[in-house]
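Student: Quick one: sequence plus predicted model below, questions after.
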There are 2 protein chains.
Amino acid sequence: MGVTKTSDFTEAQNQTTALLKALAHPARVAILEHLLREQRCICGDIVSELPLAQATVSQHLKEMKQAGMILGTVEGTSVCYCLNTSALEFLHGYFGRALDTLKAQGANCCH
Amino acid sequence: MGVTKTSDFTEAQNQTTALLKALAHPARVAILEHLLREQRCICGDIVSELPLAQATVSQHLKEMKQAGMILGTVEGTSVCYCLNTSALEFLHGYFGRALDTLKAQGANCCH
DNA sequence: AAATTTAATCGTAATATTGCGATATTAAAA
DNA sequence: TTTTAATATCGCAATATTACGATTAAATTT
């Protein structure tokens, strides 16, 4: 039915999913990379960088913010968005631990 | 319209997105974590582990495989699925580089 | 205060994803 | 060779996501 029952999974699994979802779209990856390149990081900036309408970019930014991937502070008429270091650290750590676990297991059945 | 024009983004951005999408669902994260825990990693295993029907799990596995997150080898009537180390390495490296870049920039406007 | 600038929100259309029962497929077992 | 076991695929319904024009909201300029 297309309904995802988050209650069937652990809190940690849902939190991880939220961060991954916040990046699981080429526009979001492009936003991430743009925020990495630029120090100054205003929404209007991103709109002119991407092939998307202002409303669409704003919506992407909203969801990335909601998930904790980015932070935003109002600066006059514009908004300064930037990456949330701890979210990146979380994902980096997650995949790092996964790799460690995988490597500690040695060769498995598929390789 | 809900249509994502991958052609508007770089090849690398789309590849990164594909891997992230393969994990951007609690069931997929649960599958990843299950494959980490178990050496023996058969689909039926996963079905009994998750609160989802066999057809649904099979579909998730198919998409994770298509994205390159997991590998699968047929073993008689069952299939042995396991994590693709290089996909994990890719993601780990991606977030690692992002973090390095971010930290090299020092404090930015939002912190 | 009016005009301007910038970003958020609303409403809606289109597409994508998720889930599952039913069925098909394929290999092993009996 | 029939039966059984394990996955994959099909078809469809329900929900979620994406996109954008139009509008609103809020701060800055004029």
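Tutor: That came through, no problem.

Student: Just the buried positions in the longest helix anywhere in chain A, please.
Tutor: In chain A, with assignment by DSSP state H, the single longest helix is helix A:85-104. For helix A:85-104, a neighbour-count test (16 or more other C-beta atoms under 10 Å in any protein chain shown) marks A:Ala87, A:Leu88, A:Glu89, A:Phe90, A:Leu91, A:His92, A:Tyr94, A:Phe95, A:Gly96, A:Ala98, A:Leu99, A:Leu102 as buried. C-beta here means a position set from N, CA and C on the backbone, and glycine is covered the same way.

Student: and the last one, what is it in contact with?
Tutor: In this case it means A:Leu102. Neighbour list for A:Leu102: B:Leu36, B:Leu83, B:Thr85, B:Leu88 [criterion: C-beta atoms under 8 Å, 6 or more residues apart in numbering or on different chains].

Student: what do you get if the cut-off is 6 Å, keeping everything else the same?
Tutor: B:Leu83, B:Thr85 (C-beta atoms under 6 Å, 6 or more residues apart in numbering or on different chains).

Student: From A:Cys82, how far off is it?
Tutor: 32 Å (C-beta to C-beta, to the nearest Å).

Student: Rounded mean pLDDT for the longest helix of chain A, please.
Tutor: For helix A:85-104, the mean pLDDT works out to 96.

Student: what do you get for stretch A:47-54?
Tutor: 94.

Student: Which secondary structure state is assigned to the residue in chain A that DNA strand C sits nearest to?
Tutor: Residue of chain A nearest DNA strand C, by C-beta to the nearest atom of the strand: A:Gly44 (2.5 Å). Recorded secondary structure, A:Gly44: helix (DSSP: H, G, I helix; E, B strand; the rest coil).

Student: and what of A:Cys80?
Tutor: A:Cys80 ends up strand, using three-state DSSP.

Student: Does it touch A:Val74 like I think?
Tutor: No: A:Cys80 is beyond contact range of A:Val74, at 7.8 Å (criterion: C-beta atoms under 6 Å).

Student: When those two are compared, which one has more neighbours?
Tutor: A:Cys80 (18 against 8; other C-beta atoms under 10 Å in any protein chain shown).

Student: What separation do you get for A:Ala55 and A:Lys62?
Tutor: 10 Å.

Student: Run a quick neighbour tally on A:Glu11.
Tutor: The burial count for A:Glu11: 8, using other C-beta under 10 Å.

Student: Next up, the contacts around it.
Tutor: Taking C-beta under 6 Å, 6+ apart as the definition, A:Glu11 has no contacts.

Student: about what we covered before: any idea of the angle the longest helix of chain A forms with helix B:85-104?
Tutor: 150 degrees (axes from the mean of the first three to the mean of the last three C-alpha atoms, to 10 degrees).

Student: Helix, strand or coil: sort out A:Leu19 for me.
Tutor: Per three-state DSSP, A:Leu19 ends up helix.

Student: again, but for A:Leu71
Tutor: On the basis of three-state DSSP, A:Leu71 is classed as strand.

Student: Across the sheet, point out what pairs with it.
Tutor: Taking DSSP bridges as the rule, A:Leu71 bridges to A:Cys82.

Student: isn't it right next to A:Leu83, touching?
Tutor: No: with contacts counted by C-beta under 6 Å, A:Leu71 stays clear of A:Leu83, the gap being 7.6 Å.
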